[in-house]
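Enquirer: one predicted model, sequence on top.
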Amino acid sequence: MVGEGSERDYVQSIERGFAVLLAFDADRPSPTLAEVATATGLSRPAVRRILLTLQKLGYVAAVGSRWTLTPRVLTIGQHYAATHTFVETAQPHLLRLAEETQESASLAQLDGTDVVYVARVQVRRIMAVSVDVGSRVPAYATSMGRVLTAWADASVVDAVLSAGLPRLAQRTITDPTIFRDALHQVRQDGYAVVESELEDGLLSAAVPVRTPDGAVLAALAYSTTVGRRTESQIVEKVIPLMQETAAAIAEDLRLLGGTRRLDAHARDGFY
(Lines give C-alpha, C1' and ligand atoms only; values in the text may rest on other atoms or scores of the structure.)
Protein backbone atom coordinates (compact mmCIF):
# COMPACT_ATOMS: atom_id res chain seq x y z
CA MET A 1 0.00 0.00 0.00
CA VAL A 2 1.23 3.52 -0.83
CA GLY A 3 2.57 5.31 2.25
CA GLU A 4 3.58 2.18 4.10
CA GLY A 5 6.99 0.56 4.22
CA SER A 6 9.44 -1.40 6.30
CA GLU A 7 12.63 -0.25 8.01
CA ARG A 8 14.65 -1.22 4.96
CA ASP A 9 12.72 1.39 2.96
CA TYR A 10 13.90 4.09 5.38
CA VAL A 11 16.56 6.41 3.86
CA GLN A 12 18.62 7.74 6.75
CA SER A 13 20.56 10.19 4.61
CA ILE A 14 17.34 12.06 3.81
CA GLU A 15 16.51 12.23 7.51
CA ARG A 16 19.95 13.68 8.20
CA GLY A 17 19.61 16.21 5.40
CA PHE A 18 16.37 17.52 6.85
CA ALA A 19 17.89 17.55 10.34
CA VAL A 20 20.61 19.85 9.09
CA LEU A 21 18.10 22.16 7.38
CA LEU A 22 15.99 22.30 10.55
CA ALA A 23 19.05 23.21 12.61
CA PHE A 24 18.76 26.72 11.15
CA ASP A 25 16.32 28.68 13.31
CA ALA A 26 15.89 31.97 15.17
CA ASP A 27 18.55 30.94 17.70
CA ARG A 28 20.95 29.74 14.98
CA PRO A 29 20.35 31.83 11.83
CA SER A 30 23.95 31.44 10.66
CA PRO A 31 25.59 28.57 12.54
CA THR A 32 29.07 27.17 12.12
CA LEU A 33 29.57 23.60 11.03
CA ALA A 34 30.36 22.68 14.63
CA GLU A 35 27.13 24.29 15.86
CA VAL A 36 25.09 22.36 13.31
CA ALA A 37 26.81 19.15 14.40
CA THR A 38 25.96 19.88 18.03
CA ALA A 39 22.34 20.73 17.22
CA THR A 40 21.76 17.60 15.13
CA GLY A 41 23.93 15.10 17.00
CA LEU A 42 25.68 14.22 13.75
CA SER A 43 29.41 14.01 13.26
CA ARG A 44 31.24 16.98 11.77
CA PRO A 45 32.31 15.04 8.64
CA ALA A 46 28.68 14.02 8.03
CA VAL A 47 27.43 17.58 8.54
CA ARG A 48 30.13 18.90 6.20
CA ARG A 49 29.07 16.54 3.41
CA ILE A 50 25.41 17.42 3.86
CA LEU A 51 26.08 21.17 3.90
CA LEU A 52 28.20 20.94 0.77
CA THR A 53 25.45 18.95 -0.94
CA LEU A 54 22.80 21.49 0.09
CA GLN A 55 25.11 24.26 -1.09
CA LYS A 56 25.44 22.65 -4.50
CA LEU A 57 21.65 22.33 -4.68
CA GLY A 58 21.29 26.00 -3.77
CA TYR A 59 19.62 25.69 -0.36
CA VAL A 60 22.48 26.96 1.82
CA ALA A 61 25.40 29.33 1.36
CA ALA A 62 28.75 29.63 3.09
CA VAL A 63 29.70 33.00 4.60
CA GLY A 64 33.17 32.65 5.99
CA SER A 65 33.03 29.90 8.60
CA ARG A 66 29.25 30.18 8.92
CA TRP A 67 26.33 28.91 6.90
CA THR A 68 23.00 30.50 6.02
CA LEU A 69 19.83 29.36 4.30
CA THR A 70 19.12 30.78 0.86
CA PRO A 71 15.75 32.02 -0.46
CA ARG A 72 15.41 28.76 -2.38
CA VAL A 73 14.33 27.10 0.87
CA LEU A 74 11.10 29.08 0.67
CA THR A 75 10.10 27.17 -2.45
CA ILE A 76 9.71 24.00 -0.38
CA GLY A 77 6.79 25.57 1.45
CA GLN A 78 5.34 26.88 -1.81
CA HIS A 79 5.11 23.32 -3.09
CA TYR A 80 2.78 22.50 -0.20
CA ALA A 81 0.37 25.30 -1.10
CA ALA A 82 0.62 24.43 -4.79
CA THR A 83 -0.38 20.81 -4.17
CA HIS A 84 -3.15 21.52 -1.65
CA THR A 85 -6.07 23.29 -3.30
CA PHE A 86 -7.72 24.29 -0.05
CA VAL A 87 -4.89 26.67 0.96
CA GLU A 88 -5.34 28.83 -2.14
CA THR A 89 -9.11 28.48 -1.92
CA ALA A 90 -9.19 29.62 1.72
CA GLN A 91 -6.95 32.68 1.35
CA PRO A 92 -9.59 35.21 0.15
CA HIS A 93 -11.96 34.00 2.85
CA LEU A 94 -9.28 34.54 5.50
CA LEU A 95 -8.72 38.05 4.19
CA ARG A 96 -12.42 38.81 4.36
CA LEU A 97 -12.67 37.48 7.92
CA ALA A 98 -9.68 39.55 8.99
CA GLU A 99 -11.23 42.66 7.45
CA GLU A 100 -14.57 42.05 9.17
CA THR A 101 -13.09 41.37 12.61
CA GLN A 102 -9.98 43.59 12.38
CA GLU A 103 -8.02 40.69 13.86
CA SER A 104 -5.70 38.03 12.47
CA ALA A 105 -7.21 34.99 10.74
CA SER A 106 -5.44 31.68 10.21
CA LEU A 107 -5.84 28.20 8.82
CA ALA A 108 -4.01 25.32 10.48
CA GLN A 109 -3.60 21.56 10.38
CA LEU A 110 -2.29 18.94 12.78
CA ASP A 111 1.23 17.62 12.35
CA GLY A 112 1.95 15.07 15.05
CA THR A 113 1.13 16.74 18.36
CA ASP A 114 1.61 20.26 16.98
CA VAL A 115 -0.50 22.62 14.95
CA VAL A 116 1.08 24.11 11.83
CA TYR A 117 -0.14 27.33 10.24
CA VAL A 118 -0.78 26.68 6.54
CA ALA A 119 -2.36 30.05 5.71
CA ARG A 120 -2.55 33.32 7.61
CA VAL A 121 -3.67 36.94 7.31
CA GLN A 122 -2.07 38.93 10.10
CA VAL A 123 -3.63 42.24 11.06
CA ARG A 124 -1.27 43.00 13.93
CA ARG A 125 1.17 41.12 16.08
CA ILE A 126 -0.33 39.96 19.38
CA MET A 127 1.92 37.05 20.34
CA ALA A 128 5.37 37.31 21.87
CA VAL A 129 6.64 34.94 19.19
CA SER A 130 6.23 35.88 15.54
CA VAL A 131 3.71 33.63 13.78
CA ASP A 132 3.69 33.00 10.05
CA VAL A 133 2.90 30.22 7.60
CA GLY A 134 4.87 27.18 8.73
CA SER A 135 4.97 28.19 12.40
CA ARG A 136 4.25 25.40 14.88
CA VAL A 137 2.48 25.61 18.23
CA PRO A 138 1.41 22.86 20.68
CA ALA A 139 -2.01 21.47 19.80
CA TYR A 140 -3.16 21.05 23.41
CA ALA A 141 -2.85 24.75 24.31
CA THR A 142 -4.51 26.35 21.28
CA SER A 143 -8.05 26.71 19.97
CA MET A 144 -6.92 25.35 16.59
CA GLY A 145 -5.41 22.29 18.20
CA ARG A 146 -8.48 21.83 20.39
CA VAL A 147 -10.74 21.75 17.32
CA LEU A 148 -8.48 19.46 15.31
CA THR A 149 -7.94 17.09 18.21
CA ALA A 150 -11.62 16.99 19.11
CA TRP A 151 -12.47 15.49 15.72
CA ALA A 152 -9.33 13.35 15.42
CA ASP A 153 -8.84 9.62 15.91
CA ALA A 154 -8.32 8.34 19.44
CA SER A 155 -4.67 7.61 18.60
CA VAL A 156 -4.07 11.32 17.96
CA VAL A 157 -5.55 12.28 21.33
CA ASP A 158 -3.45 9.61 23.04
CA ALA A 159 -0.31 10.94 21.32
CA VAL A 160 -1.04 14.49 22.48
CA LEU A 161 -1.52 13.31 26.05
CA SER A 162 1.57 11.08 25.92
CA ALA A 163 3.67 14.06 24.86
CA GLY A 164 2.61 15.82 28.06
CA LEU A 165 0.62 18.93 28.90
CA PRO A 166 3.18 21.28 30.47
CA ARG A 167 1.94 24.63 31.74
CA LEU A 168 2.67 27.42 29.26
CA ALA A 169 0.49 30.16 30.73
CA GLN A 170 -1.78 30.80 33.70
CA ARG A 171 -4.79 28.88 32.35
CA THR A 172 -3.12 26.03 30.45
CA ILE A 173 -4.98 22.76 30.88
CA THR A 174 -2.47 20.30 32.31
CA ASP A 175 -4.79 17.53 33.53
CA PRO A 176 -5.54 14.77 30.95
CA THR A 177 -9.08 14.24 32.23
CA ILE A 178 -9.91 17.94 32.01
CA PHE A 179 -8.36 18.04 28.55
CA ARG A 180 -10.56 15.17 27.35
CA ASP A 181 -13.59 16.93 28.87
CA ALA A 182 -12.62 20.07 26.95
CA LEU A 183 -12.55 18.09 23.71
CA HIS A 184 -16.03 16.75 24.43
CA GLN A 185 -17.22 20.32 24.94
CA VAL A 186 -15.68 21.44 21.67
CA ARG A 187 -17.38 18.59 19.87
CA GLN A 188 -20.70 19.57 21.44
CA ASP A 189 -20.34 23.32 20.77
CA GLY A 190 -18.83 23.02 17.32
CA TYR A 191 -16.07 25.50 18.14
CA ALA A 192 -13.29 26.19 20.65
CA VAL A 193 -12.39 29.32 22.58
CA VAL A 194 -9.10 29.32 24.47
CA GLU A 195 -7.88 32.06 26.79
CA SER A 196 -4.39 32.42 28.28
CA GLU A 197 -3.31 28.84 27.65
CA LEU A 198 -0.53 29.36 25.11
CA GLU A 199 0.36 32.86 26.32
CA ASP A 200 -1.07 35.01 29.09
CA GLY A 201 -3.61 37.43 27.64
CA LEU A 202 -3.95 35.62 24.30
CA LEU A 203 -7.57 34.89 23.38
CA SER A 204 -8.35 32.74 20.36
CA ALA A 205 -11.22 30.87 18.76
CA ALA A 206 -11.38 28.17 16.11
CA VAL A 207 -13.98 26.28 14.09
CA PRO A 208 -13.56 23.21 11.86
CA VAL A 209 -13.25 23.47 8.10
CA ARG A 210 -14.70 20.36 6.53
CA THR A 211 -14.21 18.53 3.26
CA PRO A 212 -17.26 18.05 1.03
CA ASP A 213 -17.82 14.64 2.66
CA GLY A 214 -17.86 16.16 6.16
CA ALA A 215 -14.41 15.21 7.46
CA VAL A 216 -12.44 17.86 9.33
CA LEU A 217 -9.69 19.12 7.05
CA ALA A 218 -8.33 22.11 8.98
CA ALA A 219 -9.10 24.63 11.69
CA LEU A 220 -10.05 28.21 10.96
CA ALA A 221 -8.80 30.47 13.75
CA TYR A 222 -9.22 34.02 15.02
CA SER A 223 -6.93 35.57 17.60
CA THR A 224 -6.99 38.69 19.75
CA THR A 225 -6.16 39.75 23.32
CA VAL A 226 -8.25 39.81 26.47
CA GLY A 227 -8.05 43.60 26.49
CA ARG A 228 -9.85 43.84 23.15
CA ARG A 229 -12.49 41.14 23.42
CA THR A 230 -14.13 38.86 25.96
CA GLU A 231 -15.00 35.21 25.47
CA SER A 232 -18.72 35.99 25.47
CA GLN A 233 -18.25 38.66 22.79
CA ILE A 234 -16.36 36.18 20.62
CA VAL A 235 -19.04 33.52 21.01
CA GLU A 236 -21.80 36.01 20.23
CA LYS A 237 -20.25 38.05 17.42
CA VAL A 238 -17.18 36.32 15.99
CA ILE A 239 -18.00 32.60 16.02
CA PRO A 240 -21.00 33.05 13.65
CA LEU A 241 -18.72 34.89 11.18
CA MET A 242 -16.14 32.14 11.46
CA GLN A 243 -18.71 29.43 10.88
CA GLU A 244 -19.98 31.27 7.81
CA THR A 245 -16.41 31.57 6.55
CA ALA A 246 -15.69 27.87 7.13
CA ALA A 247 -18.90 26.95 5.32
CA ALA A 248 -17.94 29.20 2.39
CA ILE A 249 -14.53 27.52 2.13
CA ALA A 250 -16.18 24.10 2.20
CA GLU A 251 -18.61 25.14 -0.52
CA ASP A 252 -15.79 26.42 -2.73
CA LEU A 253 -13.98 23.13 -2.26
CA ARG A 254 -17.12 21.27 -3.28
CA LEU A 255 -17.39 23.36 -6.43
CA LEU A 256 -13.74 22.69 -7.21
CA GLY A 257 -14.42 19.00 -7.39
CA GLY A 258 -14.37 17.52 -3.92
CA THR A 259 -11.45 15.90 -2.20
CA ARG A 260 -9.20 14.98 -5.12
CA ARG A 261 -6.28 16.98 -3.66
CA LEU A 262 -7.30 17.36 -0.06
CA ASP A 263 -5.45 15.97 2.92
CA ALA A 264 -5.86 12.20 2.93
CA HIS A 265 -5.67 12.21 6.72
CA ALA A 266 -8.73 14.37 7.35
CA ARG A 267 -10.90 12.54 9.85
CA ASP A 268 -14.59 12.31 10.60
CA GLY A 269 -13.94 12.40 14.33
CA PHE A 270 -13.65 10.30 17.43
CA TYR A 271 -15.21 12.19 20.34
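Expert: Here it is on my side, so go on.
Enquirer: which SSE is the spatially most central residue of the chain in?
Expert: A centroid search over the chain (C-alpha atoms, centre = their mean) returns Val116, at 0.9 Å, as the residue closest to the centre. In this assignment (DSSP states H and E), Val116 forms part of strand 114-121.
Enquirer: who's in contact with that strand?
Expert: 80-81, 84, 87, 90-91, 94-95, 97-98, 104-110, 131-139, 142, 144-145, 148, 218-219 (C-beta atoms under 8 Å, 6 or more residues apart in numbering). No exception for glycine: its C-beta is placed from N, CA and C like everyone else's.
Enquirer: count of residues packed around the closest residue in space to Gly145 that isn't next to it in sequence?
Expert: Distances taken as C-beta to C-beta, 6 or more residues apart in numbering place Ala139 nearest to Gly145, at 2.9 Å, with adjacent residues excluded. When counting by other C-beta atoms under 10 Å, one arrives at 27 neighbours for Ala139.
Enquirer: would you say Thr174 is within a helix?
Expert: No: per DSSP: H, G, I helix; E, B strand; the rest coil, Thr174 lies outside any helix segment and is coil.
Enquirer: circling back to that earlier point, what bridges to the residue nearest to the centre of the chain?
Expert: Gln109, Arg136 (DSSP bridges).
Enquirer: cool, and Val194?
Expert: Ser204.
Enquirer: rewinding a little: just the ones of the contacts of strand 114-121 in strands?
Expert: Ser104, Ala105, Ser106, Leu107, Ala108, Gln109, Leu110, Arg136, Val137, Pro138, Ala218, Ala219 (DSSP state E).
Enquirer: how big is the angle separating the strand holding Val116 from strand 104-111?
Expert: With axes from the mean of the first three to the mean of the last three C-alpha atoms, to 10 degrees defining the directions, strand 114-121 sits at 150 degrees from strand 104-111.
Enquirer: ok, back up a step: just the buried residues out of the ones in strands among the contacts of strand 114-121, in ChimeraX syntax.
Expert: Of these, the buried ones go into a single ChimeraX selection, burial set by 16 or more other C-beta atoms under 10 Å:
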select :104,105,106,107,108,109,110,137,138,218,219
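Enquirer: from the ones in strands among the contacts of strand 114-121, pick the one nearest Thr230.
Expert: Relative to Thr230, the closest of the ones in strands among the contacts of strand 114-121 is Ser104; by C-beta to C-beta it sits at 17.7 Å.
Enquirer: these two touch, right, Pro31 and Asp25?
Expert: No: counting by C-beta atoms under 8 Å, Pro31 stays clear of Asp25, with 9.2 Å between them.
Enquirer: sorry, back to before: tell me, what's the model's pLDDT at the residue nearest to the centre of the chain?
Expert: On pLDDT, Val116 comes in at 92.
Enquirer: so how far is Ala152 from it?
Expert: Distance, Val116 to Ala152, by C-beta to C-beta, to the nearest Å: 14 Å.
Enquirer: could you do Asp27 as well?
Expert: Taking C-beta to C-beta, one finds Asp27 at 31 Å from Ala152.
Enquirer: neighbour count for the two, which is higher?
Expert: In terms of neighbours (other C-beta under 10 Å), Ala152 is the more surrounded of Asp27 and Ala152; the figures are 24 against 9.
Enquirer: how close does that one sit to Val186?
Expert: Ala152 is 11 Å from Val186, by C-beta to C-beta.
Enquirer: cool, Asp111 as well?
Expert: 19 Å.
Enquirer: so those two - more neighbours on which side?
Expert: Using other C-beta under 10 Å as the criterion, Asp111 and Val186 rank with Val186 on top: 24 against 13.
Enquirer: which residue is the nearest non-sequential neighbour of the more buried one?
Expert: Nearest non-adjacent residue to Val186, counting by C-beta to C-beta, 6+ apart: Ala150, 4.1 Å away.
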